[in-house]
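Enquirer: got a sequence here, can you build the structure:
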Amino acid sequence: MSPSKEKSIGISGADQGTRTPALSRTNAFEQDTTSEILEKVQTLFENAKSSHDWDHTLRVYRLCERIGAVEGADMDVLRVAAVLHDIGRSCQDQSQGALCHAEKGAEMAAEILEDFPLPTHRKSNIIHCIASHRFRKGRTPETVEAKVLFDADKIDAIGAVGVARAYLFAGEIGARLHSPEKDMANTLPYTSDDTGYREYCVKLSKIKNRLLTHEGRKIAGKRHEFMVSFFDRFLKEVEGKDE
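Expert: You can find the predicted model right below:
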């Protein structure tokens, strides 16, 4: 499949072996530049944990395309920011949460982008998008592109995919399925009590009301409803009930 014929990021049957997407391009990003950025970035995901791997990046990219087109974003900036947004994640995981992956990712992105002939204002915007995409802390997204990336990343954390990722992450850190006897206000991340349900309570249930774009909030509505229904059912089944 020729990259020039690909209109948006995606993986066809022929691409699944390498998992290398083709990015949409305008005159602002030449094919060689895009390919070099992809090669640099994908190597950073080789040891990534599954909850924040290249597949997550691809889903966020697709959501950015969907939301950004409606919100009038600079799509060249947004696409590159989406591809780079989680490159610092493995550093945060290795530090057990002590290091902020958004801040580290912004630093890494600045170094990567130094070698590419992009206008300074676009490089700065890409770096800002990455630095401000985190939910729990970090800078406030100020540009349209940063707001779209923030929303896309959060939407991938709710709904059916979000529930699956919450338990995938819990499994990665060795968390229990549920800790009903613990006071969630006094449990800590990256511990055995950092369960999927804890993640729902402290973060996922709040995402819908924290989104920054109209289109993002629109997409989040049904995903939020599904997630609430799932965890309601989850608590009943933990107690041996069905209804």
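Enquirer: next, the nearest residue to Thr57 once chain neighbours are set aside: secondary structure please.
Expert: Among residues not flanking Thr57 along the chain, Asp86 sits closest, at 5.9 Å (CB to CB, 6 or more residues apart in numbering). Heads up, the C-betas are built off the backbone N, CA and C, glycines and all. Classification of Asp86 using DSSP: H, G, I helix; E, B strand; the rest coil returns coil.
Enquirer: count of neighbours near Asp86?
Expert: Asp86 has 25 neighbours, counted by other CB atoms under 10 Å.
Enquirer: quickly note the distance from it to Ile155.
Expert: Per CB to CB, to the nearest Å, Asp86 is found 15 Å from Ile155.
Enquirer: hmm, back to that, and the residue nearest to Thr57, what's its pLDDT?
Expert: Asp86 carries a pLDDT value of 87.
Enquirer: list the contacts of it.
Expert: Contacts here follow CB atoms under 8 Å, 6 or more residues apart in numbering; on that basis Asp86 touches Ala48, His52, His56, Thr57, Val60, His101, Gly105.
Enquirer: counting contacts, what elements does the longest helix along the chain pack onto?
Expert: In the chain, assigned by DSSP state H, the helix with the most residues is helix 214-238. Secondary-structure packing of helix 214-238 (3 or more CB pairs under 8 Å, 6 or more residues apart in numbering; DSSP states H and E): helix 54-71, helix 144-155, helix 159-172, helix 196-202.
Enquirer: show me where the protein dips below the pLDDT cut-off.
Expert: Residue ranges of the chain with pLDDT under 70: 1-35, 90-100, 135-138.
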